[in-house]
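Student: using only what follows, build the 3D model:
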Amino acid sequence: MIIYTNEGNPLGLQLLMLVKHAKRQVQVQLVNLNDPKYKDLLVLPTLQLDNGLSLFSPAAIAKYLLVDEGKQRDEWLEWSATLLAPALAHHMAVGHKADANALPVLNALVKKLDDSLQSSPFLAGDKLTAADIAVWSLLAPEGTLKGAQNVDRLRDWYGRIKVLPEVQEVLAEQPLKDLSFNALQQSNRYGGLYHIPLKRLSVADAGKLLVDTTPTVADTVTDDEIKAAQAAFTYTAPKEIKEERTVLPKAGQRNVLITSALPYVNNVPHLGNIIGCVLSADIFARYSRSAGYNTLLICGTDEYGTATENKALAEKLTPREICDKYFELHNGIYRWFGIGFDYFGRTTTQEQTDIVQEAFKDVLKAGYIITESVEQLLCQKCDRFLADRFVEGTCPHPGCGYEDARGDQCDKCGKLVNATELIRPRCKVCNSAPVLRSSDQLFIDLPKAEPYLKDWVDKSEGGWTHNAKVITRAWLKEGLKPRCITRDLKWGIPVPHPGFEKKVFYVWFDAPFGYVSMTKRYTKEYQQWWQPVKGTDVELFQFMAKDNVPFHSVVWPSVLLAINKGHTLVSHIMATEYLNYEDGKFSKSRGIGVFGNDAQETGIPADVWRFYLASARPEGQDSSFSWNDLAARNNSELLNNLGNFVNRALVFCEKNFNSTVPEVVATQDDLILLALVNRELRGYINSLEKAKLRDGIRHLLAISRHGNGYMQTQQPWVLLKGSADQKTRAATIIGLCANIACLLANLLFPYMPATARTLFGQLNAKQTPLNADKPLATLLLPAGHKIGKPAPLFAKLEQSFIDELKSKYGGDQVAAVQSPGNAAELEKAVQDQADKVRQLKASTKDKAVWQPEVNKLLDLKKQLEEAKKATPAASATPAPASSNGKQSVQDLEKAIQEQGDKVRKLKGSTKDKAVWQPEVNVLLELKKQLEAAQKAAKAAPAAVPAPTPAPAATSSVDPTQVKALEDKIAQQGEKVRTLKAAGNADVWKPEVATLLALKNELAALTGAPAAGGQNKGKKKK
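Tutor: Predicted structure coming up:
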C-alpha cells in the first residue's frame, strides 16, 4: 500500500497511524497536486491499495483496515470528519482564512469529547479504536488545544495515546512540530475543509454538549479588542483622497505599479477574460489608491502578430483597420465596466517600436542573441508561414495526447510546445496539413540567463500566487531552452539587424514591453517607474490568467535581466485559474457565454457584474459563472444583506432624526459590535493587500451582516416609543449604524465604484482614505451631520428574467433550420440566409448579433456542396431561365440590373466590404453569363429557331475533373485577392496569369467561353 500525502498534513498522520494500528505495511510518498504526474489524485492523503484501488475518505479507510469495531466507532469517525476537522481547519488557519466564528463551535466539540471520556477510557468503549486515532491525529498539531481549560479527561486520554509504541513509531517519521492545518490548503483540488461551512449547533445540541453555556461570536471578543475599538471610534476631520494629474513614484513612500495582461486585439473579451485581468487589476488599484499608495494602473491592447493578420483577412480589412476597430471595442467595454486605467494604450505606437528595438540591441550587445535555422510550418493552401497559434495538433508530451494543443502551448498539460513537434499538425484556418520549410531566425539564449533568473525567482516568488510559483518552478525544473524572437511576417516591429530587416519580432518578445511604452505615452518620466533611481522602491503587481504566467515569470524577466539596466521586475504575480460558463466553456461562435458587449445588453448594472465576478473569481481553482448564482448573490448578499442594512439605517435616520446623524454614546454592546467590525475590517485589509479579492468581499459582507444582526437585536423602532433614556439609546444605535454604512461605502468602492458614489451621495459624505496600518473603525459622520436622501441601492433579479438570459446565452440560440431536400431548395435557403446576414451586418457592427446567422449560413453552404456532389449534373443559375431551358439575354440583362441596384444600395449603406463583396461577385458572374449568352446568340443562324446544341465534348466531361479545376481556381482567386490587397503589382500579376490559365483550362474542358476575351485590357468601372 502507498499513502500519497503532502508535507505537514495532519490527515496524512491519521492514515499512517491507522495503518500501523492495523499492523499493515505501507509506503509514504510526499507529493504535490500541481505536479502533472499526479493529475489523477484529487485529495491528499489518498491510500492506494495493492490491487490499485484508491481510497481517500479517512472513515472509509478506517473501516477497510479495521473492519468491525462497532457502531459507536463509526459514529465518532463521521463526527471527526464532518464536524471536528472543518472546525479545526477554520480555527487554525492564518491570515485571511482565519475565522473567529470557529472558536465557539470548537469549544462545544472539545466539551463533547471531554464529557464522553467521563464514562470510558476511550471514545468507543474500553479499547483503543480507529475513532481515537482519527480524533487524536486532528488534535495533535501544536496549538489546537491552546488555552483549553477544564478538560482534564481529554488531556489524560491524549497523553495515554501519545505514548503508545505504534504512535511513537509514527511520530519518529512525522514529528508533531512539522504538522500544520495550513498544509490542507494544498491537499484538495476542490477547496477542502476551508470551504465547508461551520455547522452551527442547534439549541438541543448546545444544551446537551455545552451544558449551561452557549458561547457566541460576541463571547470571543477580548478586553483588548474592546479598548482598541473605543479608543479608535473618535472623529477627526477626514483627509481627502488626492488624485494627482500625473502619478510618479516617490522616495520613502509605497509605490505600486499595476499592469493587466494586454488583451489581444482581435476578439471580444468574455467574462473570464475580464475578471482574470483587467477587472481584478482595477479593483486592486482602487484599493491601493484608497490606502494612500502612489498607484499607477497601465493596460492596453496587444496588436501585432499573425492573429491580427488573419483576422484582417477574414474581415477584408487591413491589420491597422482591424486594430482600430477592436481597440475601440475593448476600450468601450472596459469603460462600461468602470475600469479606471490611468492609461489604456496600444502596442502599435512609435514608442513601442523604439523601446523594443532598443531592448533588442541591448540584449544583442550583452551576448544573449543567437542565430539558428528553424524549420517552420508553411500552409501551402493559405500560402503563408503559420504562427504558433495557428497550428493545432496532438500534444507531443508523454502522457498528455491532447488533440487540440496549440503550436505554442498545450492548454491541457500547460507545457510549452514547438509547432513543429505537434503530432498530426493542421492549419487552424483551412484545416489542411502544413509542410516544413527552413528559415534563419534569432533566438534569445535563455539557458545563459537561467542562473540569474533562478536567483531572482528565489527572492521574489513570495508575493506570487501559488499557481504562478508552481508553473515557474516547473519551467525551471525542466531547464530553459533558447526561444525564437523573430518571425517571417509583415505585421510587426521590424528587426534592426543585418539580414533580418524583412522579419519582425515575435509578439511575445514585443508585447511585454507594451507596459513600458504605454507608461511612456502616459508620462515622459516613465523611467521613474520602470528604471527607478536608488532609494525609490517600486512594487510591480501583474494580473493575468495562469496561461500567461511563463511569459511574465520566466521569459520577460530573463530579457530584462540580460539587459541589466535596473528595470523594475515583477514582485507580485496575481494569476487566476479559469472561469467557465455554467460548467462549460465560453464560445462566441456557438453563442455560449456572456461576452463584454452582452453584459451591457442585459440591463444588469455594471457594478453588479463587477461584484459577482469578483466574488466568483477563480483564485485557487477554476470556477464557473452561473446565472442562478448571479441572481442568488444579488438578491441575498447585495439586496437583502448589504442594501437592506444601509437603507434601514439611513431611512430610520431620515424619518426619526430629521436626516441628522445622532450622537453616539457607546455602551458595551456597541463596543462589541465595533470590535467585530474591526475584525472584519482587518481581514478586509489583509485580503486586499494580497489581492485576495474574494476574501475581501466576504469580510465586507460580514460587516453588514453584523450590522443587520445588531439592529435586529437592539430594535431601535421599539426604543423610540419608550422613555427618554430609551430614545437616547435608539439615537446611539442609528448614529452607529449610519457610521458603519459610511465605512461600508469606503470598502465597497474598489468593487462597486458607481454604487459607492451613490451611497456617498445618500450619506452626503466623501470617500476617505483607508488606514492599512491601523485597520480600526473611526467616527466618520459626527453628531449633527446632515445626510442626503436615502434610496434602495439594489433591485431584485427575478427568476423569470434570469431564465430568459440563461436561455439567450446558453448556445443553440438560433432555431434549427429544416434541411431542404435537394440542391434547388438548398440554393434558395442559402440565398435567403445570405440576405438575412447582409441585412444584419448592414444594421450593426456587433458580431454577437450576426455571427450565429453566419454560422447557419456556412452550415447551409456545406449542405449545398454535399447535395451538388451527390447530383453533379444539377447546377444552379442566379438568373431566370427562358422557356427553352437556357438563360435569355433579356433575362440576364434584367437580373444584372436588379443585382447592380442591390450592390449600389449595400455600398451606400456600409463601408464594410464583407457585407457587399459577395453581391459584387454575383454581379460579375451574371455579367460573364450575359457575355456568353450574347456570343451564343450572334453565332446562332437567324433562320433556325431551334437552340444550338451543346458542344459534343461536354457530354463526356468528367465531373470530378471539373470540380478539381474549380477548387484550384477558387484557391488561386483567393490568393490573387490577398496579394492585391497588399498592393505590390510585381507580386500579384504573375499570379493573375496563373489564374487566367486555370480558367482557360476549365473553358476548354467544359466548352464555356475562355477567360479574357472581349474584356481584355478594359478597366473596371
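Student: so what's the closest residue to Phe327 other than its chain neighbours bridging to?
Tutor: Once flanking residues are discounted, Phe327 sits nearest to Thr301: 5.1 Å by CB to CB, 6 or more residues apart in numbering. No exception for glycine: its C-beta is placed from N, CA and C like everyone else's. Legend: beta-bridge partners of Thr301 under DSSP bridges are Arg346.
Student: touching, Thr301 and Cys323? I think so.
Tutor: Yes: between Thr301 and Cys323 a contact is recorded at 7.2 Å, counting by CB atoms under 8 Å.
Student: which neighbours do those two share?
Tutor: 265, 346 (CB atoms under 8 Å, 6 or more residues apart in numbering).
Student: any idea how this protein splits into domains?
Tutor: The chain breaks down by automatic domain parsing into domains covering 2-209, 630-799, 819-876, 953-1021.
Student: start to end distance for stretch 607-626?
Tutor: 17 Å (CA to CA, to the nearest Å).
Student: just to revisit the earlier point, how about the contacts made by the residue nearest to Phe327?
Tutor: Counted by CB under 8 Å, 6+ apart, Thr301 has contacts 262-265, 323, 326-327, 330, 345-347.
Student: would you turn the residues you listed into a markdown table with secondary structure?
Tutor: Output for the contacts of Thr301, formatted as a markdown table (DSSP: H, G, I helix; E, B strand; the rest coil):
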| residue | secondary structure |
| --- | --- |
| Leu262 | coil |
| Pro263 | coil |
| Tyr264 | strand |
| Val265 | coil |
| Cys323 | helix |
| Tyr326 | helix |
| Phe327 | helix |
| His330 | helix |
| Gly345 | strand |
| Arg346 | strand |
| Thr347 | coil |
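Student: tell me the buried residues in the longest helix along the chain?
Tutor: If you go by DSSP state H, the chain has its longest helix at helix 913-939. Buried residues in helix 913-939, defined by neighbour count with 16 or more other CB atoms under 10 Å: 915-916, 919-920, 922-923, 926-927, 929-930, 933.
Student: wait, Lys789 sits on Leu763?
Tutor: No: with contact defined as CB under 8 Å, Lys789 does not reach Leu763; the gap is 10.5 Å.
Student: of those two, which one has the most company?
Tutor: Leu763 (26 against 11; other CB atoms under 10 Å).
Student: pLDDT weak spots in the stretch 401-550 of the chain?
Tutor: Within the stretch 401-550 of the chain, no range satisfies pLDDT under 70.
Student: and the strands in it, which stretches?
Tutor: For the stretch 401-550 of the chain, the strands defined by DSSP state E, counting those that start in this stretch cover 405-406, 423-427, 435-444, 483-484, 486-487, 504-505, 538-545.
Student: export the ones you listed to a markdown table and tack on distance to Asp178 and mean neighbour count?
Tutor: Listed next are the strands of the stretch 401-550 of the chain as a markdown table, based on distance: least, CB to CB, whole Å; neighbours: other CB atoms under 10 Å:
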| stretch | distance to Asp178 | mean neighbour count |
| --- | --- | --- |
| strand 405-406 | 40 | 24 |
| strand 423-427 | 44 | 16 |
| strand 435-444 | 42 | 16 |
| strand 483-484 | 40 | 18 |
| strand 486-487 | 50 | 24 |
| strand 504-505 | 49 | 24 |
| strand 538-545 | 32 | 22 |
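Student: low pLDDT regions in the stretch 801-950 of the chain?
Tutor: The model of the stretch 801-950 of the chain has pLDDT under 70 over residues 811-825, 828, 832, 835-836, 838-853, 866-887, 906, 908-916, 938-950.
Student: quick one on the thing from earlier: what's the closest of the buried residues of helix 913-939 to Asp455?
Tutor: Val915 (57.0 Å; CB to CB).
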